[in-house]
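[1] predicted coordinates and the sequence they were generated for:
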Amino acid sequence: MSGGLTLVVALPLLAALILILLSRLERRKGAIAGPGFFQRNGVAVGLYLAVAVGFWAFFIIVLPQLAMVDLSFRPKLPPSQMGGPKDIFTLENYRYFLFGSTTSTANWNWLHIKAFFLSIGVSILITLLNLAICYPLAFHMAQSAPVARLRVLLLLLIIPYWVNEILRAFAFRVLLSSGGVVNKLLMGGGLLDAPIDFLGNDVGLYMGLSYAYLLMMIFPLYNAIESLDRNQIEAARDLGAPWWHIHAFVVMPHAKPGIASGCTLVFMLSAGALAAPLVLGGPRTLWFTPIVYDRFYQAFNWPQGAAYALILLFACIVFVLAVLRMFRLSLGEIAR
Amino acid sequence: MAAAVELEGVNVTFGDFVAVRDANLTIEPGEFFSFLGPSGCGKTTLLRTISAFIEPTRGTVRIGGRDMKGIGPNKRPTALIFQNLALFPMMTVAENIGYGLRVRGVPRHERDEKVKNLLIQIALPEHGHKLVSELSGGQRQRVAIARALAVEPSVLLLDEPLSALDLKLRQHMRAELRAIQKRVGITFIYITHDQGEALTMSDRIAVMNAGVIEQVGNGRSVYAEPRTPFVASFVGENNAIRGRITQAANGTATLDTPIGPLTGRNPVGLPAGDEALIFVRPEALKLGGDPPSGFEGEALDVTYEGSITHVTMRVRTGQKITLSLGGGAAGILPQPGDMLKVGFEPQDGLLLARPERS
Amino acid sequence: MREGIVQRFSFAVYLGLFFLYLLGPLAVMAVSAFNTPDYPQVWPFEGFTLDWFGKLLSDGDMMYGLRTSLWIGVLVVLVSVPIGLAGAIVMTQIPVRARATYYLVVVSPVLTPGVIIGISTVVFWREFTTLTGMKFMYDGIVMTVLGQASFISAYCMLIILARLQRFDRSQEEAALDLGASYPQVFLHVLLPFLKPALFSAAVLAFLSSFENYNTTTFSILADKTLTTVLAGRVRQGTTPAISALAVFIVAVTVAGALVYEVMKRREDGRIRRRQQVAAKAEEAEFSGTPEPAAAE
Ligand SMILES: Nc1ncnc2c1ncn2[C@@H]1O[C@H](COP(=O)(O)OP(=O)(O)OP(=O)(O)O)[C@@H](O)[C@H]1O
Ligand SMILES: [Mg+2]
């Protein structure tokens, strides 16, 4: 596949060419003045900037994504046949996702389709739930907490922030498994005769997901609300606005970028979560990410795995675009 | 000896906007030269062109007789004192002052010696180890000057260095800057929008307006012999009255204005029939008597300041005219509401062509 | 305060529940690390033991994984901080019309699920190293560093960019004007100004790398890191040794957070002292002290 290699070389060069032409154009129109890129940074530093950013943008971000797209449209072949006559573009991997077969379209692949939509739907619900849980605290920290308390609160939030996803899931397992703390407490208190299977009915998974990404919601919210001038709230209050009105029409519109960025992060992390479903899922649990994982490490079908990953990525892109559209924001405002 | 700085047909444009238009100028070695003009007239732009942060769109900049085209800011024999000082916050005072020597590879002990001397010169000998954030405004000012002087530039460029200071300190620093310039003997190019600053400190002043250098001369000539209406009204207080010239001869002319005929000097030789402005300084206007040019108006506001009394009056056209009466007039101070008769001598009136715009 | 007692009470309850939810599970897990039964349990507390920590230390795979994770963390810092720095500087210099596209490209990894980043990294590099004959590059550690660098560099860039936007360009010009070369300006002026942001970025990069699972599980190939070993262990069965590991990690982060807090307070104190000194100098200037040097 030497075409691919040509692309690897051509794409960065093309981008460099476009950038040079653009800066020439802007210079001619007087939009920018002063020294050019290499003159301004010096040759050594300029070279470092160009190489580091070029490597990052192309070899770490863009080309891998393109390679994944490319692979998802190819059949699974042994290495010896790659690039051979059988290595053609095909939709069979996507067909498999929909119909459970690479050739027939007779039956729907309900298991995967359901898992996909369930993951997306549950992730959206978890996102909303976390927003509801975090908003009051974020507002309190940003607008009314005294400095000393704020420091303590921030510290309490930062400590669990760095605990790894697997350990968080594990903590919930300790808590919710049949021999876990919650069941023991309930049975010890005489409220239950037999343990509830929290993990088998996915309650554990959903709680674990909400728990794992709680802090991804609170920090963006906090940052956004903090920049709101307190006087605006005071003014609204003096005008006799009820508290819900203040939140709905003063605070939330201001915190829009924070809400959008928190929601995007929580959704993306939850829909793409791998550790929580592996640790907290029961045998019948449906979640899409472990299915993607299995394409690679159980079915050893990389092209199919790539296709599944792209389907997930597509869902995330749609979600981000929907959030941006809904809040009328630009990408720059939510990824700060 | 070659001129310290020469500008020849220098133009600077940003897109369609002309920030500096056709600047021609020669600044002599050892001169204290000021650019005076309102905010946004292109002073900073011109200074940055001299120090190479801006390439002129057209024209030549020469320093010490050498064409500076293609010579970067770090290679020019100039040092710039920035409008905001731009001291390095992460370095100590001594490191700031020694920075130019450090990048020139001056050995450490030599550098330390020189920095020590400079600290003494700016009266901060004990402050070398401090960070810039521990200094007062005036001290920072002096550090910025020392930092620039350390590299022994042939031209020092100062961009409104005193604008951030308190009034009292500003006046003190004016004297100090002037003294430093006398002592080190290098060319200072100084930017300000404060005419008092320009008049007290400079050997010569260039008055700028909207990217154009309108007049160059020493303080007296710029004040007493303005050659454009802008200079006449920007440098010092001035009253301007419009009219049409009825007769012109022997360097004087008479202007027919709505408040009567007024006679003044006509240095540029405007011919009869031209639209023109006549400028009269507030201190040239006298009360009463029977001067060659006179008019009447109603006193609106009288402010007594001891040696001087400021009077604002309104003439028939509704225009406001200001007078500054010397201490001798104290006995017959007008009151608001009085009808006043004022006038001036022909040598105190100045006729200049009306600019097309306005 | 206009809030009524009821409102205040219900907020206190909410706050209590929030932190119970946030910290409770971790506390339970922590306690189980010191309890003797070999199933992680809190209650009844049958006896205090540190055995589980000992088990942790003698777990060869876990220790191997820890070493790999530390290595990868260090490498990611070394790769991502310079890339993030370059990314931020380029952001301020790129032609205006290309800026939005550039931003979209370099920030997209932050909004892409980690598994997808891991997958795309191995897919591309498997092919690329095969085609160019650099098969030795196709290694778990290299792949993981590259995969993690994609989004960690973006974090670093955002941190550095925030500080860079407060940079006063005239400082750069002042250094140039004093005769510094371009690399000198970069080293003496820009980097020292960005130092706090670079430090934060490095800490964040290390921690993000150390705790990452989603990307790593794909990109590590046949190798192991602490998180992948841990995931395997957790799936096999539940033992208090895992709780012990969690306690260890929490202890390290708490210590880190406290050190950071103390350092921050010291720095704040230093800044306050400087401002006081400056205010005093300012006063001396106005009280007409003839030689400001004598004021000290
Ligand atoms: N890089 C630039 N791009 C576009 N326009 C510019 C640029 N730099 C300056 N200008 C414009 O050129 C004009 C002159 O600016 P300059 O900074 O030289 O004014 P100034 O006389 O120094 O004013 P001030 O007293 O406010 O410092 C202003 O109208 C300004 O908006
Ligand atoms: Mg200026």
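    All right, it came through fine. Ligands and ions are numbered 1, 2, ... in the order given.
[2] in the host helix or strand of A:Met187, what counts as buried?
    Remark: A:Met187 resides in helix A:181-188, with elements defined by DSSP states H and E. Buried residues in helix A:181-188, counted by 16 or more other Cβ atoms under 10 Å in any protein chain shown: A:Val181, A:Val182, A:Asn183, A:Lys184. Heads up, the C-betas are built off the backbone N, CA and C, glycines and all.
[3] gap between the lengthiest helix in chain A and the chain center?
    What stands out as the longest helix in chain A, according to DSSP state H, is helix A:110-139. Averaging C-alpha coordinates over helix A:110-139 and over its chain gives two centres that are 12 Å apart (Cα atoms, centre = their mean, to the nearest Å).
[4] how about that helix, does it get close to chain C?
    Yes - for helix A:110-139 and chain C, the contact criterion (Cβ under 8 Å from any Cβ of the partner chain) is met by A:Ile133, A:Pro136, A:Leu137.
[5] tell me how far the ends of stretch A:28-44 are from each other?
    Stretch A:28-44 has an end-to-end distance of 26 Å (Cα to Cα, to the nearest Å).
[6] just the mean pLDDT for that stretch, thanks.
    Averaged over stretch A:28-44, pLDDT sits at 72.
[7] same check, this time on stretch B:99-114
    Per-residue scores along stretch B:99-114 average to 94.
[8] for the stretch 1-150 of chain B, which segments count as helices?
    B:43-50, B:93-103, B:108-121, B:137-150 (DSSP state H, counting those that start in this stretch).
[9] for chain A, find the nearest of those.
    helix B:43-50 (9.7 Å; Cβ to the nearest Cβ).
[10] which strands and helices lie in contact with the closest one?
    strand B:5-14, strand B:17-27, strand B:32-36, strand B:58-63, strand B:78-81, strand B:155-159, strand B:187-192 (3 or more Cβ pairs under 8 Å, 6 or more residues apart in numbering or on different chains; DSSP states H and E).
[11] what about whatever residue of chain C ends up closest to ligand 1, distance to A:Val181?
    Closest contact between chain C and ligand 1, by Cβ to the nearest ligand atom, is at C:Arg169 (11.1 Å). Distance of C:Arg169 to A:Val181, computed by Cβ to Cβ, to the nearest Å: 58 Å.
[12] same check on A:Gly188?
    In terms of Cβ to Cβ, A:Gly188 sits 10 Å off from A:Val181.
[13] what is whichever strand or helix holds A:Val320 packed up against?
    Using DSSP H and E, A:Val320 maps to helix A:302-327. Packing partners of helix A:302-327 (3+ Cβ pairs under 8 Å, 6+ apart): helix A:63-72, helix A:92-99, helix A:110-139, helix A:252-271, helix A:288-297, helix A:331-334, helix C:114-132.
[14] can we see that at 6 Å?
    Packing partners of helix A:302-327 (3 or more Cβ pairs under 6 Å, 6 or more residues apart in numbering or on different chains; DSSP states H and E): helix A:63-72, helix A:92-99, helix A:252-271, helix A:288-297, helix C:114-132.
[15] which one of those lies nearest to A:Ser119?
    When the helices and strands packed on helix A:302-327 are compared by Cβ to Cβ, helix A:288-297 sits nearest A:Ser119, at 4.1 Å.
[16] list the buried residues for the closest one?
    A:Phe288, A:Thr289, A:Pro290, A:Ile291, A:Val292, A:Tyr293, A:Arg295, A:Phe296.
[17] thought the second one was touching A:Ala275?
    No - taking Cβ atoms under 6 Å as the definition, A:Thr289 is not a contact partner of A:Ala275, at 9.3 Å.
[18] tell me which parts of the stretch 51-200 of chain A are close to chain C?
    When proximity is defined by Cβ under 6 Å from any Cβ of the partner chain, the stretch 51-200 of chain A lies next to chain C at A:52-53, A:56-57, A:60-61, A:63-65, A:67-68, A:71, A:136-137, A:155, A:158-160, A:162, A:164-167, A:170-172, A:174-175, A:181.
[19] now do 7 Å
    The stretch 51-200 of chain A comes close to chain C at residues A:52-53, A:56-57, A:60-65, A:67-68, A:71, A:133, A:136-137, A:155-156, A:158-160, A:162-167, A:170-175, A:179, A:181, A:184, as judged by Cβ under 7 Å from any Cβ of the partner chain.
[20] next: chain B.
    So chain B meets chain C at B:51, B:53, B:73-74, B:79-80, B:82, B:84, B:86, B:88, B:90, B:99-100, B:103-104, B:123-126, B:131, B:133-139, B:151, B:169 (Cβ under 7 Å from any Cβ).
[21] show me what contacts the residue nearest the centre of chain A?
    Central residue check for chain A by Cα atoms, centre = their mean: the C-alpha nearest the mean position is that of A:Met268, 2.3 Å away. Counting by Cβ atoms under 7 Å, 6 or more residues apart in numbering or on different chains, A:Met268 touches A:Cys316, C:Leu111, C:Pro113.
[22] so what's the closest residue to it other than its chain neighbours up against?
    Take A:Met268 and drop its neighbours on the chain: the residue closest to it by Cβ to Cβ, 6 or more residues apart in numbering or on different chains is A:Cys316, 5.3 Å away. Contact partners of A:Cys316, counting by Cβ under 7 Å, 6+ apart, are A:Met268, A:Ala271, C:Leu111, C:Thr112, C:Pro113.
[23] pLDDT wise, what is A:Cys316 at?
    92.
[24] sorry, back to before: now render the helices and strands packed on helix B:43-50 as TSV, adding mean neighbour count.
    Below are those laid out as TSV (neighbours: other Cβ atoms under 10 Å in any protein chain shown):
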stretch	mean neighbour count
strand B:5-14	19
strand B:17-27	18
strand B:32-36	26
strand B:58-63	18
strand B:78-81	26
strand B:155-159	24
strand B:187-192	24
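[25] which stretch among those strands comes nearest chain A?
    strand B:5-14 (5.7 Å).
[26] show me what the closest one packs onto, helices and strands only.
    strand B:17-27, helix B:43-50, strand B:58-63 (3 or more Cβ pairs under 7 Å, 6 or more residues apart in numbering or on different chains; DSSP states H and E).
[27] swap in 10 Å and give it another go.
    When contacts are defined as 3 or more Cβ pairs under 10 Å, 6 or more residues apart in numbering or on different chains; DSSP states H and E, strand B:5-14 packs onto strand B:17-27, helix B:43-50, strand B:58-63, strand B:66-67.
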